[in-house]
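Visitor: no FASTA, just this:
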């Protein structure tokens, strides 16, 4: 299960079309469209930018934004979390996208890619001094203004 998914901070430039489908044309977006719209209004829209042979997510006016991509064994992006350190103690995941086959009801839903992606974000932020909480700005079934919070210990 986990051997077929790799987590990286970039996507190979050859995977641009797959990344565009995942981020902008994801069939699961309808489940959280109000929350996505609210996140875009608050933080801005994600943009895909090339940096030599790698792709990353850029957010205008947010130079410290980071992304964590889940790649399948062929290097195709199947998930992404876009996040930033809002203050000394908090990391906020502003945008999330999971390929439909890994989402609830998908053929690979049992692999729990969303949970694994968020755990990997938490693991990578644990190395940053002072971070105590990872916050997910939007989540399915929640009002756009609510935030889901996972304390550091719950993500370990």
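Guide: On my side now, so go ahead. Since this is a predicted model, take the numbers as computed values, not measurements.

Visitor: now residue 100, what's its secondary structure?
Guide: Counting by DSSP: H, G, I helix; E, B strand; the rest coil, the backbone at residue 100 sits in coil.

Visitor: measure the residue in the chain sticking out farthest from the centre to residue 13 for me?
Guide: Within the chain, residue 52 marks the point farthest from the mean C-alpha position, 22.0 Å out by C-alpha atoms, centre = their mean. From residue 52 across to residue 13, the span is 8 Å (C-beta to C-beta, to the nearest Å). Yep, even glycine has a C-beta here, placed from its N, CA and C like the rest.

Visitor: could you do residue 75 as well?
Guide: 11 Å.

Visitor: go on, residue 27?
Guide: 24 Å.

Visitor: residue 78 too?
Guide: 17 Å.

Visitor: residue 16 contacts residue 54, doesn't it?
Guide: No: counting by C-beta atoms under 8 Å, residue 16 does not reach residue 54; the two are 10.7 Å apart.

Visitor: where does this structure dip in pLDDT?
Guide: Applying pLDDT under 70 to the chain flags residues 1-3, 29-32, 138-156.

Visitor: so for it, the centremost residue is which one?
Guide: residue 81 (1.1 Å).

Visitor: tell me the secondary structure of that residue, please.
Guide: Assignment for residue 81 (three-state DSSP): strand.

Visitor: residues in contact with it?
Guide: 67, 68, 93, 95, 96, 117, 118, 121 (C-beta atoms under 8 Å, 6 or more residues apart in numbering).

Visitor: repeat the analysis, applying 7 Å as the threshold.
Guide: Residue 81 sits next to 67, 68, 93, 96, 117, 118, 121 when contact means C-beta atoms under 7 Å, 6 or more residues apart in numbering.

Visitor: likewise for residue 59?
Guide: Residue 59 touches 43, 44, 46, 65, counting by C-beta under 7 Å, 6+ apart.
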